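Asker: Using only what follows, build the 3D model:
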Amino acid sequence: MVKKRDLGSDVAPKALPKAGEDLVTAWSRDKTSLVVRHNKLIESRHKMTMAERHFVLWNIAQVSRDDTSFKPFEIGVRDYFDMVGLKQTSNPYEVVMKMHDRLTQRNIGIEYTDKKGRSAFAYYPWFSELVYEDGRIYSLLNLKLVPFLLQLKEQFTTIALEQAMILDGFYTGRVYDLLVQYKMIGSRSLSAEYLRDRFQITDKYRQFRDFRLYVVDPALKEINEKTDLHVSYELVKEGRKYTGFDFRISESKPTVTLANNREEQDEDTKRLFRRLVRVGVSNEAARNLIAKYSDERIRWHIEEYERLRRKDRKAGPGWLVKGIKQDYRPQQTLFDKDGGAQGKQDRSRQALAEELEYLNSVKMRLEKSKRISDLQVINSLYKKLPDAEKSRIETDFVGSLEEAFQKEDFLAYRWKSLACIGEMRRFWYQYNPTMFIDIADIAKEGGHDWRAILGRLAEIRKMAVGTKS
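Answerer: Residues are numbered from 1 along each chain as shown. Next up is the predicted model:
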């Protein structure tokens with residue numbers, strides 16, 4: 001459980017960002033930090049989500065080389081959400097409490113040799129204390145981990161915090177840690193059983209093929225794309241069975257890093273990025289927006305968002321992100337500006353534009369509800385199948401996908417993949433088509449007429465074409 005108590009009041013907490021420092025500046029300073037860990041810590045038994053791993057490694061990176069004990073650290077909750085890759089929420093307290101409850105109960109199993117010379121494991125939590133108070137998070141690493149993190153002279157591995165933070169896959173970070181240890185040697189052999197044990201997934205992916213398909217291959221794909229390593233492997237076979245991997249490790253220049261995103265290419269774009277972050281857009285979302293849309297488009301929506309906020313309109317960061325994607329600028333999509341038009345015609349076009357925006361927002365909301373409903377049905381159908389049938393169906397479905405990005409998304413999210421929702425719906429329709437709810441029924445429950453919405457949208461678009469001609 002997350003405790004509320006003083007985490008060493010005699011020691012000033014180390015904060016991110018520092019006083020007067022925005023998150024972007026803080027990250028520019030922090031991304032050059034190093035994460036130094038004893039090899040026993042890297043090869044320990046533990047399991048964490050991506051967000052939990054990011055938070056743990058950030059804490060380790062704050063440790064000074066000359067420290068003799070751990071000091072408490074602190075971070076603002078918004079910066080915390082951006083750093084660990086979580087979406088901003090209206091109830092951050094609940095999210096943080098749940099995550100910290102899990103982290104204080106996550107045990108890390110460190111291998112040692114007992115008095116009889118046998119291999120054994122000692123288990124410790126990562127943190128001795130975690131506190132969320134007044135919009136800030138305070139953390140103190142478990143003092144039992146001091147021998148594995150402080151004043152290390154041998155058997156340790158150092159990685160850049162940037163490399164750790166940019167990895168998103170559930171198992172990618174662990175695979176990277178185990179391979180970067182042997183970068184200078186150039187190879188490492190690891191059995192699937194060893195990896196299952198260290199990743200604490202001994203009850204999952206028991207078939208070697210599944211472990212390779214869902215754990216190792218996705219991890220190596222991300223490692224080769226984003227990190228300073230290039231890794232390939234040959235399968236290790238014992239008798240007639242494949243049992244492990246003989247990895248070949250070499251240094252490589254990553255094609256994707258935190259430093260080569262577009263927000264760091266020029267000063268104007270940097271300022272736009274900082275403005276997006278300041279108003280509550282996450283780092284990841286800001287990068288995606290800047291990569292896809294023009295500076296002018298983003299700037300207009302930021303200014304419109306700030307204007308709405310000054311008028312006490314309940315517009316959150318979600319409105320801003322959606323606006324940039326859909327382009328809320330007046331008369332920029334279906335209606336061109338006409339300097340010679342009469343004021344009445346301008347108001348008419350503006351009214352149509354507003355109606356179009358509203359109907360499109362309702363349509364998108366209903367389509368999203370339909371996708372969510374379909375996913376719930378698919379997962380319900382899937383859970384009722386025996387394990388052997390589940391494995392066969394997944395193999396058949398992946399084989400039926402034609403686009404590489406869909407295969408990647410399915411391997412990452414399985415039956416929750418939004419990129420494959422159309423294919424999944426057709427695939428599962430044969431099992432029980434009556435279980436899928438029609439979008440017209442979903443609309444009706446929300447007080448809308450689906451056919452009327454589509455009809456009015458088509459009518460407005462025809463009027464827009466007539467206006468242009």
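
Asker: ok but residue 236 is inside a helix, no?
Answerer: No. Under DSSP: H, G, I helix; E, B strand; the rest coil, residue 236 sits outside any helix and is assigned strand.

Asker: quick one: pLDDT of it?
Answerer: pLDDT for residue 236: 92.

Asker: wait, what's in contact with the residue nearest to it when sequence neighbours are not counted?
Answerer: For residue 236, ignoring the flanking residues on the chain, the nearest one in space by C-beta to C-beta, 6 or more residues apart in numbering is residue 244 at 4.0 Å. (C-beta placed from N, C-alpha, C; glycine too.) For residue 244, the contacting residues are 189-194, 235-236, by C-beta atoms under 8 Å, 6 or more residues apart in numbering.

Asker: do that again at 6 Å, thanks
Answerer: Contact partners of residue 244, counting by C-beta atoms under 6 Å, 6 or more residues apart in numbering, are 190-192, 236.

Asker: Most neighbours among the residues you listed, which one is it?
Answerer: The most crowded member of those, judged by other C-beta atoms under 10 Å, is residue 192 (22 neighbours).

Asker: Turn the contacts of residue 244 into CSV, columns for distance to residue 460 and secondary structure.
Answerer: What follows is the contacts of residue 244, written out as CSV (distance: C-beta to C-beta, whole Å; DSSP: H, G, I helix; E, B strand; the rest coil):
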residue, distance to residue 460, secondary structure
190, 60, strand
191, 62, strand
192, 57, helix
236, 63, strand
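
Asker: just the helices in the stretch 251-400 of the chain please.
Answerer: Assigned by DSSP state H, counting those that start in this stretch, the helices in the stretch 251-400 of the chain fall at 267-278, 283-292, 295-310, 317-326, 343-383, 387-400.

Asker: can you list the ones you listed in JSON lines and add mean neighbour count, distance to residue 411 and mean pLDDT?
Answerer: Shown next, in JSON lines, are the helices of the stretch 251-400 of the chain (neighbours: other C-beta atoms under 10 Å; distance: least, C-beta to C-beta, whole Å; pLDDT from 0 to 100):
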{"stretch": "helix 267-278", "mean neighbour count": "17", "distance to residue 411": "30", "mean pLDDT": "76"}
{"stretch": "helix 283-292", "mean neighbour count": "18", "distance to residue 411": "20", "mean pLDDT": "74"}
{"stretch": "helix 295-310", "mean neighbour count": "16", "distance to residue 411": "32", "mean pLDDT": "83"}
{"stretch": "helix 317-326", "mean neighbour count": "18", "distance to residue 411": "26", "mean pLDDT": "84"}
{"stretch": "helix 343-383", "mean neighbour count": "15", "distance to residue 411": "15", "mean pLDDT": "75"}
{"stretch": "helix 387-400", "mean neighbour count": "13", "distance to residue 411": "7", "mean pLDDT": "85"}
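
Asker: of all these, which lies closest to residue 115?
Answerer: Nearest to residue 115, of all these, is helix 387-400, at 41.6 Å by C-beta to C-beta.

Asker: Run the angle between that closest one and helix 343-383 for me.
Answerer: Per axes from the mean of the first three to the mean of the last three C-alpha atoms, to 10 degrees, the angle that helix 387-400 makes with helix 343-383 is 140 degrees.

Asker: In three-state terms, label residue 128 for me.
Answerer: Applying three-state DSSP: residue 128 is strand.

Asker: give the contact list for residue 363.
Answerer: Shown in contact with residue 363 (C-beta under 6 Å, 6+ apart): residue 453.

Asker: For it, give its distance to residue 354.
Answerer: Distance of residue 363 to residue 354, given as C-beta to C-beta, to the nearest Å: 15 Å.

Asker: that's a strand at the residue nearest to residue 236, yeah?
Answerer: Yes. Under three-state DSSP, residue 244 falls within a strand.

Asker: Identify the bridge partners of it.
Answerer: On the basis of DSSP bridges, residue 244 is bridged to residue 191, residue 236.

Asker: what helix or strand is the residue lying closest to residue 355 once chain neighbours are set aside on?
Answerer: Leaving aside its sequence neighbours, residue 355 sits nearest to residue 460 (C-beta to C-beta, 6+ apart; 6.6 Å). Using DSSP states H and E, residue 460 falls within helix 450-468.

Asker: What's the mean pLDDT across that helix?
Answerer: 75.
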